[in-house]
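1. Return atomic coordinates for the entry below.
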Amino acid sequence: MSFFVSCGKGLEYLLVDECVALGAQGAKAAMAGVAVEGTQAEAQRIVMHSRLASRVLWPLHSFPCRDEKALYEGASAIDWPMHVAPTASIAVDAHVSDSGITHSQFAAQRVKDAVVDTIRREFDQRPSVDLKEPDVRLHLVIRKGVAIISVDMGGGPLHRRGWRQHQGEAPLKETLAAAMLMRAGWPQMALQEGSGLLDPMCGSGTILIEGALMAADSAPGLSRYPFGVEPSRWLQFDSKHWKTVVADAEQRRQVGLQRLPSLQFIGEDMDSRALTNARRNAELAELDGVIEWRQRAIDDDTANAPVPAQGVVVCNPPYDARLQADPALYRALGTALQERVPGWTAAILCGSEELGKATGLRANKVYQLFNGAIEASLIVVRDLRPMTARETEAPAALNESAQMVANRLRKNRRKLKSWLARSGVTCYRIYDADLPEYAAAVDVYTQADDGSLWLHVQEYAAPATIPEPVQKQRLRDLLSAVREVFEVSRDRVSVKTRSRGKGGSKYGVMDRRGEFLEVREGSVLLRVNLFDYLDTGLFLDHRPVRSGIAGAADDKDMLNLFAYTGAATVQAAVGGARSTTSVDLSATYLQWAADNLRINGCTGRAHRLVQADALRFLTEDKSQYDLIFCDPPTFSNSKRAGDFDIQTSHVELLELAMRRLRRDGVLLFSNNFRRFKLDAEAVALFAECEEITAETLDPDFERNHRIHRCWRLTHRN
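-> Down below sits the predicted model:
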C-alpha cells in the first residue's frame, strides 16, 4: 500500500532517512512529506517512533472532484461501515487548493455528511462529531481536481508529544527541534559517553527535552499514547500489531534510559518564568533531574559552570518581527559560544542567513527550514571558531548599473513569488535578458536536501560591436546583482557563455568539478550539474511538458527519444508507467538517466536504456508505445551516426515514431530551433497534429515564448 507521511517543509529528506531506519524501505521524498510503499505495520512504527512526521495518512479512496456534488458522491462510494463504527466519533480535516471547491471547512462538512449518511442508512444510527479527540480522524485533500480521503493513523498532529503543557511566547514545534538536533549530529554524539547538549536560550525547554528523549531512545508515541492507548479506533486498525509496537518501544526506552547518566544536559535562560515552564515540562516527560537548568544571560561573564569536553549546542534565538530580531544578540551569542565551548558543534535557527552571519561563526552548512509559517535558516557549525576578517567583510555597494539589474531581479522575484509557492516549483528562470545590455539568462536551482540556492548564469554572446572591456564589466555588474539579491557565495554561482559554432551551441565538458546537486521537480528527484557542462541536465522550460507526461503515464509504455538525462523518463516512471525506454547516443547522458531513475527507486527491466541513433532505433525497434516524447537537437554531427538536421529530417523522424505509437497513443514533439517550420502538409498524411506550445510554458518563461515549440500528434481516425 502507498501511504503518505507529512512533515514541515525542509524536513523531507531527514524524514526519508528516518522512515527507512524504521523499516519502510519504499520511502521517497515528496512535497512536504514522504510517500511510502509499505504495510500498516510500518505505518504504525512511524506513528510510534517518528520524531519528524506531522501525520501518517492511510488512503481509503481517490477520485476526480470538480465540485461539491462529485465530492459527496466520491466520499459516499467508500464502504464506511468497514471503517467507522456507528457509535464512534469522527472529525474531518480538509485542505483544498487548485479546485472548484474553495472552502476547506465546507469540503470537510460534505465528507462528514457522506460518512454519517452512509452509516445511518445501514444501522439507523450515526457517528457523532468530536473535533478535539475523535475516535477516527479523517483527512481530505483536494488538489488539481483530485480528492484523496485518508485515515489519520496517529489521530492528529504528531508534533504533540504529550509532555509540553507549559510554553513561552514563541514555542518551537517538537518536530522542528528534533530536526535541528539531527542536523547538528546529536543522535551520534549521544552515543559517546561524556557528551553534552547545551541550549543557552532554552525557553520552555523543548530542544533539551527532545534531545534527552532522543538520547534515551524514548519513542514520542509512548507519551502521546500512554499505557498503550491506540491512536485510532479505525475498524481496520491492526490492534494486535500495535501491542507489539508498544512493547518494543517500552523495551528500547528501558535500555536507553540507562545511557542518560553518562550525558550532560544544560538549559539556560535569563527569564525565570521560562525556566519554571521548562522544569515542569521535563517532569511531565519523566526527565526530572536529568537536565540542569540555569538562569543566565548570554553575555553573563561570570565564572562558567563546567561543561563536557565535547558536545553540541542547539538553540533558537529570537528572529521574527514580533520578537524583534537583534543582530547584536546574535553576535553576543556567537562570541559566548566560542569562549565557552570551543570545538563543539552548534546548530542555530536564525531568521535569515544575514542573522546567521551576525554570529561571527563559520557555518559549514545552511538549511532552509520553516518554523510554522516563518522561513528560517539553520546554520550548522562543525567546529566553533570565529570567521576570518575576509568572511566578515560587508560586500561592496553595488554601482548604479548593478543596482538597476538588482532592481529588475527583485521585481521578477515578487512577480513569481505567489506562483512558486502555489506550484511548488523550486528550479526556475528568474531573468532572461530583461535588460538588453545585460544579455544573459539566470536560473535558480534549489538543492533538495537542505534548501540551499544555486545560480546558473548563461551569458549570451555579445555582438562584435561591443568592446570586450564593456562586456566584462556588464557581466561583473550582473553577477554582483544576482549574488546580492539571492545572498549566495561565489562558489554557488556557475557562469557560462553560450557561443555559436558548427552544430549550434557548443556542448562538451566545461569544467571537471564533478559536483552534482539533487533537486526536486514535482514528486521526483533529479540530478543536475551546474558547472561541468554547458547545460545542467535539466531543461527548465520543459517543466510543464514533463508534468503532463507524469499525469498521463499511469499503466502506459513510454518511449523517450533523444532522452538526454532522462528527466521526462523519471516523471513517467514515478507517474506509474508500466515501462519506459530511453534512447540517446551519449553513454554519459544514459548513465545520468540511470542515476536519475535509481534515486527515485525506478530500476529493473521495466526501465530500458538504449544507446542508439534515434532514427535507426525507430527503424529497427518492433515495440509499441502508448506515450512517446521526442525532443531532438537542432542538428547533430555525431561520429556514431549520420548528420541530423531537424528541419530536413523531422518528417521522417515523426513518421517512424508514429509507426511505434499505439492507435490510441500520444506523441509529444518539441524542439528549440527558432526558425523551425513544421511541414504540416506532409505530417497530415500520417497524423493529426496540434500545436500546444502555449500550454507548455510556465510564467518564468513568458518573456521568451520562443524558447521551444511543442506539438501533440495522434493517429488519424
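2. Report all helices and strands that the longest helix that the chain contains contacts.
-> Assignment by DSSP state H gives helix 400-423 as the longest helix of the chain. Contact partners of helix 400-423 among helices and strands, from 3 or more C-beta pairs under 8 Å, 6 or more residues apart in numbering; DSSP states H and E: strand 428-432, helix 468-486. Using the backbone N, CA and C atoms, a C-beta is placed for each residue, glycine as well.
3. Identify each buried residue in the longest one, please.
-> Using 16 or more other C-beta atoms under 10 Å as the burial criterion, the residues of helix 468-486 that qualify are 471, 474-475, 477-486.
4. And for the longest helix of the chain, what's in contact with it?
-> The contact list for helix 400-423 (C-beta atoms under 8 Å, 6 or more residues apart in numbering) reads 97-98, 398, 425-426, 428, 430-431, 434-435, 438, 442, 474, 476-478, 480-482, 484-486, 698-700.
5. circling back: as a markdown table, the buried residues of helix 468-486 with pLDDT and distance to Pro220 would be great.
-> Conversion of those to a markdown table gives the following (pLDDT from 0 to 100; distance: C-beta to C-beta, whole Å):
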| residue | pLDDT | distance to Pro220 |
| --- | --- | --- |
| Gln471 | 88 | 58 |
| Arg474 | 92 | 55 |
| Leu475 | 92 | 52 |
| Asp477 | 93 | 52 |
| Leu478 | 94 | 49 |
| Leu479 | 94 | 46 |
| Ser480 | 93 | 47 |
| Ala481 | 94 | 46 |
| Val482 | 94 | 42 |
| Arg483 | 92 | 41 |
| Glu484 | 91 | 42 |
| Val485 | 93 | 40 |
| Phe486 | 92 | 37 |
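6. still on that earlier bit, nearest to Asn316, out of the helices and strands packed on helix 400-423?
-> Nearest of those to Asn316, taken as C-beta to C-beta: helix 468-486 at 24.9 Å.
7. Give me the buried positions along stretch 238-246.
-> Counting neighbours by 16+ other C-beta under 10 Å, stretch 238-246 gives 238, 242, 245-246 as buried.
8. Closest one to Trp186 out of the buried residues of helix 468-486, please.
-> Phe486 (30.6 Å).
9. ok, and the closest non-adjacent residue to the closest one?
-> Nearest residue to Phe486 in three dimensions, chain neighbours excluded: Leu453, at 5.5 Å (C-beta to C-beta, 6 or more residues apart in numbering).
10. What's the separation between the residue in the chain sticking out farthest from the centre and Pro86?
-> Most distant residue from the mean C-alpha position of the chain: Asp124, 46.1 Å away (C-alpha atoms, centre = their mean). Taking C-beta to C-beta, to the nearest Å as the measure, Asp124 and Pro86 are separated by 9 Å.
11. So Ala328: helix, strand or coil?
-> In three-state terms, and counting by DSSP: H, G, I helix; E, B strand; the rest coil, Ala328 is helix.
12. please renumber so the chain begins at 60
-> I'll keep to 60 as the first residue from here, and by that count the last item is Ala387.
13. ok, how many other residues are close to it?
-> Residues lying near Ala387 (other C-beta atoms under 10 Å) number 9.
14. can you pull the pLDDT of it?
-> pLDDT for Ala387: 86.
15. same deal with Thr447?
-> Each residue has a pLDDT score; the one for Thr447 is 60.
16. Same check on Glu452?
-> 58.
17. do the same with Glu228
-> 62.
18. now Asp157
-> Looking at Asp157, its pLDDT is 69.
19. Which of the buried residues of stretch 297-305 lies at the shortest distance from Ala741?
-> Using C-beta to C-beta, the buried residues of stretch 297-305 come closest to Ala741 at Asp297, 61.8 Å.
20. wait, what's in contact with the nearest residue to the closest one once chain neighbours are set aside?
-> Computed as C-beta to C-beta, 6+ apart, the closest residue to Asp297 that is not its neighbour in sequence is Gln99, at 5.3 Å. Each residue near Gln99 by C-beta under 8 Å, 6+ apart is listed here: 60, 117, 295-297, 300.
21. Kindly report the same for Gly213.
-> So Gly213 contacts 106, 112, 114-115, 283, 290-291 (C-beta under 8 Å, 6+ apart).
22. State the number of residues packed around the spatially closest residue to His764 that is not a sequence neighbour.
-> Distances taken as C-beta to C-beta, 6+ apart place Leu756 nearest to His764, at 6.1 Å, with adjacent residues excluded. A total of 20 residues lie near Leu756 under the criterion other C-beta under 10 Å.
23. For Val642, give its distance to Leu468.
-> 39 Å.
24. secondary structure class for Val79?
-> helix.
25. For the closest residue to Ser163 other than its chain neighbours, give the beta-bridge partners.
-> Closest residue to Ser163 apart from its sequence neighbours, by C-beta to C-beta, 6+ apart: Ala153 at 4.3 Å. Applying DSSP bridges to Ala153 gives these bridge partners: Leu199.
26. Ala153 and Ser209, how far apart?
-> Separation of Ala153 from Ser209 (C-beta to C-beta): 11 Å.
27. overlap in contacts of these two?
-> Counting by C-beta under 8 Å, 6+ apart, the residues touching both Ala153 and Ser209 are 198-200.
28. thought Ala100 was touching Asp297?
-> Yes: with contacts counted by C-beta atoms under 8 Å, Ala100 reaches Asp297, the gap being 7.0 Å.
29. any weak-confidence spans in the stretch 410-559 of the chain?
-> The model of the stretch 410-559 of the chain has pLDDT under 70 over residues 445-455, 557-559.
30. lowest confidence element among the helices and strands of the protein?
-> Among the helical and strand segments of the chain, the one scoring lowest on mean pLDDT, DSSP states H and E is strand 563-564, with a mean of 40.
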